[in-house]
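Participant: whatever this is, show me its structure:
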Amino acid sequence: MMAEMAATEAAAKLGLELAVVLPCNTMGPMLQRTLNLSNHHVGRYLMGTKRTYPNAIAAYVDVRDVARAHLLAYEHEGPGAGGRYLCVGAVLHRAQLVAMLRELFPQYPVTANGPSNMLDPFHPSDNDRISCSATTKLLHPFQIIVHLTFFTLNLTTHPI
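Facilitator: Predicted coordinates:
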């Protein structure tokens, strides 16, 4: 946030229009052999090292979609090209995420317990949904993102 504020001030002083891409939890194929912050909490659910999951939702996006969003923001020219661009591929309740991990990776001891005060899992109504109609074709399906993220990391040699 501080970097964005500094960039906004610098752009204003120079008379430039600034475009800022704001990704949420970024996942996808990894170049490094260790988990980054965005992947770490998902990895802890996958390995069962986190005993329970919270009654919460989180937003996720594929790293390749973030890269593409930066390119599109850079290539967009003319008045109104600046602004803040939220980069969100999927919004899931933790129960939905854990269920997906169990389905994709049955060989791992995925966290099974939710909170004792569990409310109904998050089901966005039509009024709660974020419109992504302009970018839907750009985004990778979340199940593929999760699978590629952990497929590229050898969990047996790099425990979480």
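Participant: tell me which element residue 96 falls in.
Facilitator: Assigned by DSSP states H and E, residue 96 belongs to helix 94-104.
Participant: what mean pLDDT does that helix have?
Facilitator: Mean pLDDT, computed over helix 94-104, is 91.
Participant: which helices and strands does whatever helix or strand comes next after it pack with?
Facilitator: Note on helix 94-104: by DSSP H and E, the next helix or strand toward the C-terminus is helix 142-151. If contacts are counted by 3 or more C-beta pairs under 8 Å, 6 or more residues apart in numbering; DSSP states H and E, helix 142-151 sits against strand 25-27, helix 37-47, strand 57-62, strand 90-93, helix 94-104. All C-beta spots, glycine's among them, are computed from the backbone N, C-alpha and C.
Participant: if we can go back for a sec, quick one: distance of the helix holding residue 96 to the chain centre.
Facilitator: Put simply, helix 94-104 sits 15 Å off its chain's centre (C-alpha atoms, centre = their mean, to the nearest Å).
Participant: next, the angle helix 37-47 makes with that helix.
Facilitator: Here helix 94-104 runs at an angle of 60 degrees relative to helix 37-47 (axes from the mean of the first three to the mean of the last three C-alpha atoms, to 10 degrees).
Participant: please report how far residue 83 lies from residue 100.
Facilitator: Using C-beta to C-beta, to the nearest Å, we find residue 83 at a distance of 32 Å from residue 100.
Participant: how about residue 85?
Facilitator: Distance, residue 85 to residue 100, using C-beta to C-beta: 26 Å.
Participant: of the two, give the one with the bigger neighbour count.
Facilitator: When residue 85 and residue 100 are compared for neighbours, residue 100 comes out ahead with 19 against 16, by other C-beta atoms under 10 Å.
Participant: picking up where we left off before, what helices and strands are in contact with the helix holding residue 96?
Facilitator: Packed against helix 94-104, as judged by 3+ C-beta pairs under 8 Å, 6+ apart, are the following elements: helix 37-47, strand 57-62, helix 142-151.
Participant: and the spatially most central residue of the chain, what does it touch?
Facilitator: Centroid check for the chain by C-alpha atoms, centre = their mean gives residue 60 as the closest residue, at 1.9 Å. The contact partners of residue 60, by C-beta atoms under 8 Å, 6 or more residues apart in numbering, come to 24, 25, 26, 27, 38, 88, 89, 90, 91, 92, 142, 145.
Participant: so who does the fifth one touch?
Facilitator: Contacts for residue 38 (C-beta under 8 Å, 6+ apart) come out as 25, 26, 27, 60.
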